[in-house]
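> pasted the sequence and its predicted model underneath.
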Amino acid sequence: MTLDLFNKKMTISIEFCSDEVRVVEGRYNKKNIIVDKCFAIEVPEGLYEDGVIKDMEKFSDILHKGLSKNNVSHGDVYGVINSSNIIIREIRIPKVETKQIASILNYQMDEYLPVDPEGYVVQYIPLNIVEEEGVELQNVMLVGVPKFMVETHLNLLQNLGLKPVVLDYAGNAISKLIRLNDSINGVYDKDITIACLNLEHESTAINITDKGLMSISRVVKEEINPIVYETPFKTFDEAYDQDVAVVSGLRGNLAVMLDKIDMVFRYYNSRETDNNIELVLIYGNYSHIDGIEELMSSYFDIPCVKLNVLDKVRFFGDLAIYANAIGALIRVNGVKQ
């Protein structure tokens, strides 16, 4: 594989999470990505929750110190956010040329996304083409981000001396990353139907891709108890050498989360007769829980693996942690200023 990236401009990508902010510096040339630097800045509890900056001054100060420590002080930056407050809708419109999609959506936006247009920044992502009763239709994903959320993140980045170019939705970032590559972990083809699960402390983002194109995107608001890091899981029937009350609580916590994910899976499978999830791909902080792959494989009866390697990404860090930030380096669609 040839990585022809040496003449490309370096770009900073920053993903905002409740417990840490993840930063990568890298280059993208439409064929591959090379990442030169990555690091995470720990965020104290209560400063950033579900995509909302709770204390701008303290949050900005922590990021400034973390960026300075790692010699990042200026340059173009792509931000990545995720939140249960972001509204996602999949709709179908008559098939038209790509340049005509915006005008169709704008004409009927209040029907497709019934929110106050003054309070949201709305972008669209073209999905696949389907046929109904002999008529071709275009699937489109609408992403509505609260305007205050966009403005506060852009202001934050500007105050840090950076030049914000794009604020991307995390679901869009991971789908672009999957689409760019041909194989996952050197085993799985990107053209199968993949459920990408971003397992984080306060929520799990679900993004299902089919043949490299995003199909649906959802956020399950269910916190994962941090103690699961210390509790290996294989199946719910396995015996545990721990306090019964603790184990019972953990099993209940994970069971609720898995059941909510399964509801999204069942919804996807019900949309089309040939819809069938072939792989569960996990990433994010909680993808490192010992035994989580076996647990999910058993629960969903679908192969489950943690994201480790992508054939067109040259990166020597933890891909499961930095996947969204790396995916945002790919400029196709995003929530723009």
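Cool, got the structure. Numbers count the residues shown, from 1 in each chain.
> got the CA coordinates for the one helix or strand Asn172 maps to in CSV?
In the assignment (DSSP states H and E), Asn172 maps to helix 170-180. This file holds the C-alpha atoms of helix 170-180, laid out as CSV (Å, rounded to 0.1, in the frame of the first residue of the first chain):
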residue,chain,number,x,y,z
ALA,A,170,-19.6,11.5,15.3
GLY,A,171,-21.9,9.2,13.4
ASN,A,172,-20.9,10.8,10.2
ALA,A,173,-17.2,10.5,11.1
ILE,A,174,-17.2,6.8,11.7
SER,A,175,-19.3,6.1,8.6
LYS,A,176,-16.7,8.0,6.5
LEU,A,177,-13.9,6.0,8.1
ILE,A,178,-15.5,2.7,7.3
ARG,A,179,-16.3,3.7,3.7
LEU,A,180,-12.7,4.8,3.0
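> in it, what counts as buried?
170-180 (16 or more other C-beta atoms under 10 Å). Every residue, glycine included, has its C-beta placed from N, CA and C.
> so which of the residues you listed is the closest to Ile53?
Ala170 (16.2 Å; C-beta to C-beta).
> count of residues packed around the nearest residue to that closest one once chain neighbours are set aside?
Excluding the flanking residues, the one nearest Ala170 by C-beta to C-beta, 6 or more residues apart in numbering is Asn82, at 3.7 Å. Neighbourhood size, Asn82 [other C-beta atoms under 10 Å]: 26.
> do the same with Arg266
The burial count for Arg266: 9, using other C-beta under 10 Å.
> on that earlier part again, thought the residue nearest to Ala170 was touching Ala205?
Yes. Between Asn82 and Ala205 there is a contact under C-beta atoms under 8 Å: 5.6 Å.
> which residues are common contacts for these two?
170-171, 198, 219 (C-beta atoms under 8 Å, 6 or more residues apart in numbering).
> which residues of this structure score low on pLDDT?
1-8, 224-253, 332-337 (pLDDT under 70).
> now do the helices in it.
56-69, 98-107, 109-112, 147-159, 170-180, 244-271, 292-300, 319-327 (DSSP state H).
> can you say which of those is nearest to Tyr124?
helix 98-107 (5.8 Å).
> what packs against the closest one?
strand 87-94, strand 120-132, strand 135-146 (3 or more C-beta pairs under 8 Å, 6 or more residues apart in numbering; DSSP states H and E).
> go again with 10 Å.
strand 87-94, helix 109-112, strand 120-132, strand 135-146 (3 or more C-beta pairs under 10 Å, 6 or more residues apart in numbering; DSSP states H and E).
> tell me the strands beside the first one, with direction?
Right, strand 87-94. Each strand paired with strand 87-94, and its direction, by DSSP bridges: strand 135-146 (antiparallel).
> and the angle for the strand it pairs with with strand 120-132?
Using axes from the mean of the first three to the mean of the last three C-alpha atoms, to 10 degrees, the direction of strand 135-146 lies 160 degrees away from that of strand 120-132.
> and of the buried residues of helix 170-180, the nearest to Val77?
Ala173 (13.8 Å).
> what about the closest residue in space to that closest one that isn't next to it in sequence, neighbour count?
Excluding its sequence neighbours, the residue lying closest to Ala173 (C-beta to C-beta, 6+ apart) is Gly327, at 3.6 Å. Neighbour count of Gly327, defined by other C-beta under 10 Å: 28.
> cheers, nothing more for now.
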